[in-house]
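**Student:** Just the structure for this:
(2 chains)
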Amino acid sequence: MHPAWSIIFFTSASGLGLGLAAWIVLGLIDLSQFWHLIFVAGFTFGLIGAGLLSSTLHLGHPERAWRALSQWRSSWLSREGVLAVLVLAALGGWFLYTYMRGAPPQWVGFALVILITATVYATSMIYASLKTVTCWYHPLTPTCYLMFAASGGLLANLWLVVIAEQSVTAIIQSLAAVLIVLAWLVKFAWWWMLDHKVMDSTLETATGLGSFGKVRSLMPPHTSENYLQKEMGFVIARRHALKLRIISVLLGGLIPLVLIIFASSSPLLLGLALLCHLTGVFVERWLFFAEAKHVVSLYYGDQH
Amino acid sequence: MTSLPEPSAIKLGLVIDLDICVGCQACVVNCKEWNTSGYGAPLSDENAYGANPNGAWLNRVHAFEAGNAEEAKTVHFPKSCLHCEDAPCVTACPTGASFKRAEDGIVLVNEDWCIGCGLCAWSCPYGAREMDPAEGVMKKCTLCVDRIYNDNLKEEDRVPACVRTCPTGARHFGDLGDPESEVSLLVAARSGYDLLPEQNTKPVNKYLPPRPRRKAEDAPMSLVAMAEASTPKGFWKWMDSTLEKLG
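**Tutor:** Predicted coordinates for the structure are as follows:
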């Protein structure tokens, strides 16, 4: 699948922002000081908002994007849109309440975490609901999205806590490290699945000509690349997949892990950890699209 | 509404005979011609006369080779929207632009609502949808909904443009929901089949398989056998015996 930058940025940035928001509403950072509140709220909304805005960039008609909120009964993309709007509104309310009256009751936080989880889940289901892309169509796909949002979010929370000069508890520090390890373990399982899952469909079932023997593409229906091949026939990544996987694990997993364990009191080094994590997830997300193979590529003779 | 309607009694669709199609591309061209000049945004092309032309087409003809060596068959393979009963492109659409008609099962796009997100094209296993490069909206086969119900056209023209133009009669249009319709009888007689049945999209369009190739020895007439079996008569008999005598 064609890895559109706008979608990669959308899923990684708003995923991180939503993960961060979940830890904030659980009370993992003290927002009693006004400037802390402003900065944390701005940073969180910035990530989620930039991601959502970016997702409209690849649209043919961004001015009609509001229509995408209407079909939540059937469409995961629509559900994601509706949930994102609800989360932004609820989160806005949460920050406002915190500013006016101090931390809201715990149950509000838990309710918001459920809403946030549902939003990240809906984002992942846009892809995981596509039966046409075999490797996406698997419960591990939403698990990956949720784990990266949770682990990246906690790392971001840790960084904010440190720059606000609040104390970091050993439990939270360990939890951040554990979540990063778990997230990458899930991703390893997903990659294993990608490498081993066999597509149900073949060119024989796609053409119905299997009874005559092996089917090959003899002539494409057009002389130059069309929309389908550009959108769904991306092959560059498969050539460099291993190198890119290593890069993403190093940046998104190993470096942040080491920095969390050994430098959890330095705002600069934790900032670096967060930046590395975001970049690593960015590469991971690029691969998520670029390595995925669509059924339609069979018609164009892709037998790999 | 992008929820799918209850399956309609009338299921309009195409039956494509792979035994007959010669890959002349006439259906492709007439489809483009009709659909670029009628409803909605034109079916645009980019760089049409350049080195790397690109454009939106609703019907494409592939060519495949099936089988090996002497037994290999070349099969020309037209492909357009199959108007699936469980159309994943319809449920995936976030805006309600993509819909399936309750009355006849035709899958259409409301171009005024389409945001051009491309998710419907991702969810279609057949590659039936292409984004219009100029308009930024999704284009697909309409089964020529603006022809088949069009009272301003002569009755013989009230079929999809691809069917009307096919010079070999490889494309048939009709109601596949009616088991007694001509197309349904054809599908039953020729063992018509679904493409990618494992995707569970329940396509309405059916394909008729190429007929098995005849073996050389089963051919009704072999010229060599005919020549050897026949005994010459008249002038040819005289010539045959005279030349024989010359040694």
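**Student:** Please count neighbours and contacts with C-alpha atoms only from this point.
**Tutor:** Will do.
**Student:** Backbone dihedrals for residue B:117, please?
**Tutor:** The phi and psi torsions at residue B:117 (degrees, to the nearest 10) take the values phi -80, psi -20.
**Student:** quick one: contacts for the residue nearest to it when sequence neighbours are not counted?
**Tutor:** Once flanking residues are discounted, residue B:117 sits nearest to residue A:59: 4.9 Å by CA to CA, 6 or more residues apart in numbering or on different chains. Counting by CA atoms under 8 Å, 6 or more residues apart in numbering or on different chains, residue A:59 touches B:115-118, B:136.
**Student:** Please, which helix or strand holds residue A:59?
**Tutor:** Following DSSP states H and E, there is no helix or strand that holds residue A:59.
**Student:** next one: residue B:61
**Tutor:** Going by DSSP H and E, residue B:61 is in strand B:59-66.
**Student:** same thing with residue A:39?
**Tutor:** Using DSSP H and E, residue A:39 sits in helix A:34-55.
**Student:** before we move on, the earlier item: distance check, the residue nearest to residue B:117 against residue A:121.
**Tutor:** 22 Å (CA to CA, to the nearest Å).
**Student:** Distance from the chain centre to stretch B:19-33, please.
**Tutor:** Distance of stretch B:19-33 from its chain centroid, counting by CA atoms, centre = their mean, to the nearest Å, is 8 Å.
**Student:** now swap in stretch A:160-178 and tell me
**Tutor:** With CA atoms, centre = their mean, you get 23 Å for stretch A:160-178.
**Student:** average model confidence for it?
**Tutor:** Across stretch A:160-178, pLDDT averages out at 92.
**Student:** Buried residues in that stretch, which are they?
**Tutor:** Under the neighbour-count criterion of 16 or more other CA atoms under 10 Å in any protein chain shown, stretch A:160-178 has A:160-164, A:168, A:173, A:176-177 buried.
**Student:** In strands, which of the residues you listed fall?
**Tutor:** If you go by DSSP state E, the buried residues of stretch A:160-178 have nothing in strands.
**Student:** mind listing what the residue positioned nearest the centre of chain B touches?
**Tutor:** What sits nearest the mean C-alpha location of chain B, by CA atoms, centre = their mean, is residue B:78, with 4.0 Å. Neighbour list for residue B:78: B:16, B:23, B:59-62 [criterion: CA under 8 Å, 6+ apart].
**Student:** is it true that it lies in a strand?
**Tutor:** Yes. Per DSSP: H, G, I helix; E, B strand; the rest coil, residue B:78 lies within a strand segment.
**Student:** Look at it and report its pLDDT.
**Tutor:** We have a pLDDT of 97 for residue B:78.
**Student:** Residue A:53: how many residues sit nearby?
**Tutor:** For residue A:53, the neighbour count with other CA atoms under 10 Å in any protein chain shown is 14.
**Student:** Next, work out how far apart it and chain B are.
**Tutor:** Residue A:53 sits at a distance of 14 Å from chain B (criterion: CA to the nearest CA, to the nearest Å).
**Student:** and the stretch 151-300 of chain A, which of its residues are near chain B?
**Tutor:** The stretch 151-300 of chain A comes close to chain B at residues A:200-201, A:205-210, A:212-222, A:224-228, A:232, A:294-296, A:299, as judged by CA under 8 Å from any CA of the partner chain.
**Student:** Just the buried subset of those residues, please.
**Tutor:** Buried members of these, counted by 16+ other CA under 10 Å: A:201, A:205-209, A:212, A:215-218, A:220-221, A:226-228, A:232, A:294-296, A:299.
**Student:** give me the low-pLDDT residue ranges for chain B?
**Tutor:** B:1, B:216-217, B:219-221 (pLDDT under 70).
**Student:** just so I have it, where are all the strands in it?
**Tutor:** Counting by DSSP E, the strands of chain B are B:12-17, B:45-46, B:54-55, B:59-66, B:73-80, B:98-100, B:107-109, B:130-131, B:138-139, B:171-175, B:206-208.
**Student:** returning to what we had before: in helices only, show me the buried residues of stretch A:160-178.
**Tutor:** Counting by DSSP state H, the buried residues of stretch A:160-178 place A:160-163, A:173, A:176-177 in helices.
**Student:** Show me what the helix or strand of chain A with the lowest mean pLDDT is packed up against.
**Tutor:** Least confident helix or strand of chain A, by mean pLDDT, DSSP states H and E, is helix A:236-249 with a mean of 87. Helix A:236-249 sits against helix A:267-290, with contacts defined as 3 or more CA pairs under 8 Å, 6 or more residues apart in numbering or on different chains; DSSP states H and E.
**Student:** Output the contacting helices and strands for the helix it packs on.
**Tutor:** Applying 3+ CA pairs under 8 Å, 6+ apart, one finds that helix A:267-290 contacts helix A:5-25, helix A:140-163, helix A:236-249, helix A:255-262.
**Student:** Please save the CA atoms from that helix in CSV.
**Tutor:** What follows is helix A:267-290, C-alpha atoms only, in CSV (Å, rounded to 0.1, in the frame of the first residue of the first chain):
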residue,chain,number,x,y,z
PRO,A,267,14.5,16.7,30.6
LEU,A,268,16.9,16.9,27.6
LEU,A,269,17.6,13.2,27.4
LEU,A,270,14.0,12.2,28.0
GLY,A,271,13.0,14.7,25.3
LEU,A,272,15.5,12.9,23.0
ALA,A,273,13.9,9.6,24.0
LEU,A,274,10.5,10.9,23.1
LEU,A,275,11.8,12.2,19.7
CYS,A,276,13.5,8.9,19.0
HIS,A,277,10.3,7.0,19.9
LEU,A,278,8.2,9.2,17.7
THR,A,279,10.6,8.8,14.8
GLY,A,280,10.8,5.0,15.4
VAL,A,281,7.0,4.7,15.4
PHE,A,282,7.0,6.9,12.2
VAL,A,283,9.3,4.4,10.5
GLU,A,284,7.2,1.5,11.9
ARG,A,285,4.0,3.1,10.5
TRP,A,286,5.7,3.7,7.1
LEU,A,287,6.5,0.0,7.0
PHE,A,288,2.9,-0.8,8.1
PHE,A,289,1.7,0.7,4.9
ALA,A,290,4.5,0.0,2.5
